[in-house]
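> give the three-dimensional model of this entry:
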Amino acid sequence: MAGQAAQAATAAVTSELVSRIDALLPQTQCTRCGYPACLAYAEAIAAGDADINQCPPGGAQGIRDLAALLGRGEKPLNPANGIDKPAEIAVIDEQACIGCTKCIQVCPVDAIVGANKLMHTVLREECNGCELCIPACPVDCIVMVVDDAQSDAPHNARADHYRRRYDARNSRLARERGEHEHAIAARKAEVHAGTRSAVFEAIARARAKKEMPHP
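Model (predicted):
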């Protein structure tokens, strides 16, 4: 029991530390740190598997904040992960856009709107500058431009907003997967029922034919 209590206490402390680290990250979900999302990077830092200088969007200030939280020395951003630069947002050349939806599919905060074979547009106020749409575009019609409004906005307010958008997208995707799986299961049941019905009808016809008196 004592061992279990100690494990639970350690897990609680680790969870709190992960939350505090995650709160300092910019929540762009850009993956440039080498992890699939900001929370995963926070978990890796807490576990000692990742360094504090792997987040380009967080820049020098982000490294200072993490160093202060964890009691570590400051260090420059690892160039292998990217460079520190002003906040940017994506802009789509709508005349060149072919409506393939690939950028929509990779945007972690649902900041791009459009439909298949129709023009796509970036919602300027929602774009977090993750750049994931750039390599996804097959016709190179997306560019990044400096956004003064983002640069001037408080870090915490922007990060919290992006986290909410990211969580909402994940919830939407999970709901859509569930609905899709339910539809497939319902269709399978319908086909199975129809097949069974057809088999029973065929058996009944065969029996009736066998029972018919021969001339």
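> so who does Thr28 touch?
By Cβ atoms under 8 Å, 6 or more residues apart in numbering, the contact set of Thr28 is 38, 57, 108, 128-130, 162. Where you see a C-beta, it was placed from the backbone N, CA and C, and this is true even at glycine.
> state the distance from it to Asn128.
5 Å (Cβ to Cβ, to the nearest Å).
> anything in contact with each of these two?
In contact with both Thr28 and Asn128: 108, 162, using Cβ under 8 Å, 6+ apart.
> so for stretch 20-29, what gets flagged as buried?
Counting neighbours by 16 or more other Cβ atoms under 10 Å, one finds that the buried residues in stretch 20-29 are 21-29.
> ok, stretch 110-130 next?
Using 16+ other Cβ under 10 Å as the test for burial, stretch 110-130 gives 111-112, 114, 120, 122, 126-130.
> want to try JSON lines for the residues you listed, with pLDDT and secondary structure as columns?
Shown next, in JSON lines, are the buried residues of stretch 110-130 (pLDDT from 0 to 100; DSSP: H, G, I helix; E, B strand; the rest coil):
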{"residue": "Ala111", "pLDDT": "98", "secondary structure": "coil"}
{"residue": "Ile112", "pLDDT": "98", "secondary structure": "strand"}
{"residue": "Gly114", "pLDDT": "94", "secondary structure": "coil"}
{"residue": "His120", "pLDDT": "96", "secondary structure": "coil"}
{"residue": "Val122", "pLDDT": "98", "secondary structure": "strand"}
{"residue": "Glu126", "pLDDT": "96", "secondary structure": "coil"}
{"residue": "Cys127", "pLDDT": "97", "secondary structure": "coil"}
{"residue": "Asn128", "pLDDT": "96", "secondary structure": "coil"}
{"residue": "Gly129", "pLDDT": "96", "secondary structure": "coil"}
{"residue": "Cys130", "pLDDT": "97", "secondary structure": "coil"}
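> how about low-confidence regions in the protein?
Across the chain, the ranges flagged by pLDDT under 70 are 1-13, 150-154, 192-202, 204, 211-215.
> try it again with 80
Within the chain, the stretches with pLDDT under 80 are 1-13, 149-155, 182, 185-215.
> can you give me the strands for it?
For the chain, applying DSSP state E gives strands covering 88-92, 112-113, 121-122, 142-146.
> let me know whether His120 touches Gly99 as I believe.
Yes: shown here, His120 and Gly99 form a contact pair, counting by Cβ atoms under 8 Å, at 6.5 Å.
> shared neighbours of those two, anything?
Counting by Cβ under 8 Å, 6+ apart, the shared contacts of His120 and Gly99 are Gly114.
> care to break this structure down by domain?
Domain ranges of the chain: 2-70, 88-152, per automatic domain parsing.
> any idea how far the longest one is from the middle of the chain?
Think domain 2-70. Averaging C-alpha positions (Cα atoms, centre = their mean, to the nearest Å) puts domain 2-70 18 Å from its chain's average.
> what does the last one give?
Using Cα atoms, centre = their mean, we find the averaged C-alpha position of domain 88-152 to lie 15 Å away from the chain's own average C-alpha position.
> what's the spacing between the closest residue to Pro56 other than its chain neighbours and Leu17?
Distances taken as Cβ to Cβ, 6 or more residues apart in numbering put Gly82 closest to Pro56, at 3.3 Å, once the chain neighbours are dropped. Applying Cβ to Cβ, the value for Gly82 to Leu17 is 25 Å.
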